[in-house]
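In: coords below, sequence missing:
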């Protein structure tokens, strides 16, 4: 496996209440082996780790480093294993991979990044869903993955994400990473009624300078486009008179434990 793969994806957000609203766009993500960042840094001249480039990745943007300043940067592979070992018993951990949007010309906004921890036999055993909002807050939802790697995680919503939804309800989260594809699904419900469905369905490809340029053109990406897109859609929702919810204080805890959906246990 390459230390870093490029992921071209189709992203769809469907809001079900209180007004129907659909957003479809193309996305460009990276799938990184966090133990081999130095190798990823040398894969393509237009991609760098920890340095400015057309496309880049910086560990300071994630996990415990996000709001900690630059005094100490904890390696994300170490962070993910530390969190996994708090919840897994007698499990030897292998590689740790991360699905995320890279920086484009030094700028990035990641609504969600997902870590997947594998055991010594290269089976997924633990997932971390790292969610961010436009106010600079971050919260993670973490949970064990059962054998087969297709567990659906259920967890109470804790972080204020969209000002057009309250901080209540429940998420169902699922990441499936195959050899050539990656699928991420987020189902959000309020009082057992569907509120939002978001999906990312992507295909992996080798990370090269040519694939980076082709991917940026294909996805029509520019620096901070996800943030621009979010505010554009917010304006459309405001014009539809969707109720607005003020931002509450962020949760004190940095992560919440998700459980495996009962149907998956049967």
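Out: Everything's here; your move. It should be emphasised that the depicted structure is a prediction, and the values quoted were computed from it without experimental measurement.
In: for the rest of this, base every contact and every neighbour count on C-alpha atoms.
Out: Fine.
In: where exactly do the strands run in the stretch 1-150 of the chain?
Out: Residue ranges of the strands in the stretch 1-150 of the chain, as given by DSSP state E, counting those that start in this stretch, are 4-15, 21-33, 47-49, 55-57, 93-100, 103-104, 112-119, 124-132, 138-144.
In: turn the ones you listed into TSV, columns for distance to residue 193 and mean pLDDT.
Out: Output for these, formatted as TSV (distance: least, C-alpha to C-alpha, whole Å; pLDDT from 0 to 100):
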stretch	distance to residue 193	mean pLDDT
strand 4-15	12	95
strand 21-33	16	93
strand 47-49	42	97
strand 55-57	37	97
strand 93-100	29	96
strand 103-104	35	93
strand 112-119	23	95
strand 124-132	22	95
strand 138-144	21	95
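In: among those, which comes closest to residue 192?
Out: strand 4-15 (14.7 Å; C-alpha to C-alpha).
In: can you list the buried residues in that closest one?
Out: In terms of neighbour count (16 or more other C-alpha atoms under 10 Å), strand 4-15 has its buried residues at 4-15.
In: centre of the chain to stretch 164-177, how far?
Out: Centre-to-centre, stretch 164-177 and its host chain are 12 Å apart (C-alpha atoms, centre = their mean, to the nearest Å).
In: what's the span of that stretch, first residue to last?
Out: Distance between the two ends of stretch 164-177: 31 Å, counting by C-alpha to C-alpha, to the nearest Å.
In: buried ones in that stretch, by neighbour count?
Out: Neighbour counts over stretch 164-177 (16+ other C-alpha under 10 Å) mark 164-167, 169-177 as buried.
In: for those residues, please prepare a markdown table with the additional fields distance to residue 253.
Out: Formatted as a markdown table, the buried residues of stretch 164-177 follow (distance: C-alpha to C-alpha, whole Å):
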| residue | distance to residue 253 |
| --- | --- |
| 164 | 23 |
| 165 | 21 |
| 166 | 19 |
| 167 | 15 |
| 169 | 18 |
| 170 | 17 |
| 171 | 17 |
| 172 | 20 |
| 173 | 19 |
| 174 | 22 |
| 175 | 23 |
| 176 | 27 |
| 177 | 28 |
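In: show the backbone phi and psi for residue 193.
Out: Dihedral pair for residue 193: phi -110, psi 130, per degrees, to the nearest 10.
In: residues near it, how many?
Out: Residue 193 has 12 neighbours, counted by other C-alpha atoms under 10 Å.
In: what's the answer for residue 19, then?
Out: Neighbours of residue 19 using other C-alpha under 10 Å come to 12.
In: that one and residue 238 touch, don't they?
Out: No - under the criterion of C-alpha atoms under 8 Å, residue 19 is not in contact with residue 238, lying 10.8 Å apart.
In: and the helices in the stretch 51-200 of the chain?
Out: Under the criterion DSSP state H, counting those that start in this stretch, helices of the stretch 51-200 of the chain are mapped to 76-85.
In: what sits against residue 137?
Out: Residues near residue 137 by C-alpha atoms under 8 Å, 6 or more residues apart in numbering: 159, 250.
In: for it, give its distance to residue 74.
Out: For residue 137, the distance to residue 74 - C-alpha to C-alpha - is 19 Å.
In: also residue 92?
Out: According to C-alpha to C-alpha, residue 92 and residue 74 sit 21 Å apart.
In: then residue 234?
Out: Going from residue 234 to residue 74 by C-alpha to C-alpha gives 35 Å.
In: residue 181 too?
Out: 29 Å.
In: contacting residues for residue 81?
Out: Each residue near residue 81 by C-alpha under 8 Å, 6+ apart is listed here: 93, 96, 117.
In: pretty sure the first one contacts residue 117?
Out: Yes - counting by C-alpha under 8 Å, residue 117 is a contact partner of residue 93 at 7.1 Å.
In: more neighbours: those two, which one.
Out: Counted by other C-alpha under 10 Å, residue 93 and residue 117 do not tie: residue 117 has more neighbours, with 24 against 20.
In: beta partners of that one?
Out: residue 96, residue 126 (DSSP bridges).
In: does it touch residue 80 like I think?
Out: Yes - the criterion here is C-alpha under 8 Å, and residue 117 meets it with residue 80 at 7.3 Å.
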